[in-house]
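Trainee: This is a predicted model, with the sequence first.
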Amino acid sequence: MVATSQVIDIPEEEIEITAIRAQGAGGQNVNKVATAVHLRFDIRASSLSSECKARLLATRDRRITKDGILIIKAQQFRSLEKNRAAALDRLHSLICSAMVTRKKRKATRPSRGAQQRRLDSKTRRGRLKELRSRIDRGPATD
């Protein structure tokens, strides 16, 4: 059982973890040992609540496929155990962030005084720029 929070527990049977070879630099070790981890989690077939599933599927995360499978690749560390723990931690944080209810935005309007101050500053700025322009002299009188 993987505990994601006080409310959500995910059975280990629902999480498929595969060891793969890591990419990048690392010498011979990278070519011989499979230390990176692919974590696959089927959101639709999981034991999560329907609300949690809907929120996870609604997130626009590139790690979630069209079929509703979450794929996390962890290859930061040189040991399999640390990469496995990192992948499970990412799964935990993704589920917890999906369960947070966002506060609804309340539409606001600027006050009448704020609108008036804005218009006054625009007028002042326009006058200042007007003073910088060329002065047109009328017809010459002798």
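Mentor: The structure has been received and is ready for your questions. Numbering: from 1, shown residues only.
Trainee: contacts and neighbour counts: CA atoms only from here.
Mentor: Noted.
Trainee: Who's the closest spatial neighbour of Q76, skipping the chain neighbours?
Mentor: Once flanking residues are discounted, Q76 sits nearest to N83: 6.6 Å by Cα to Cα, 6 or more residues apart in numbering.
Trainee: you'd agree the one you found is in a strand?
Mentor: No: using DSSP: H, G, I helix; E, B strand; the rest coil, the secondary structure at N83 is helix, not a strand.
Trainee: Against D89, how distant is it?
Mentor: Using Cα to Cα, to the nearest Å, one obtains 10 Å as the distance from N83 to D89.
Trainee: ok, these two, which is more surrounded?
Mentor: N83 (21 against 13; other Cα atoms under 10 Å).
Trainee: Contacts only, for that one.
Mentor: 35-37, 74-77 (Cα atoms under 8 Å, 6 or more residues apart in numbering).
Trainee: Report pLDDT for it.
Mentor: Looking at N83, its pLDDT reads 92.
Trainee: Check what pLDDT the most centrally placed residue in the chain gets.
Mentor: Geometric centre of the chain, nearest residue: D61, 7.8 Å, by Cα atoms, centre = their mean. With respect to pLDDT, D61 has a value of 83.
Trainee: what secondary structure does it sit in?
Mentor: The three-state assignment at D61 reads coil, by three-state DSSP.
Trainee: mind checking how far it is from I10?
Mentor: Distance, D61 to I10, by Cα to Cα: 20 Å.
Trainee: repeat for Q75
Mentor: In terms of Cα to Cα, Q75 sits 23 Å off from I10.
Trainee: Between those two, which has more neighbouring residues?
Mentor: Q75 (24 against 16).
Trainee: my guess is the more buried one meets T35, correct?
Mentor: Yes: counting by Cα atoms under 8 Å, Q75 touches T35, with 7.1 Å between them.
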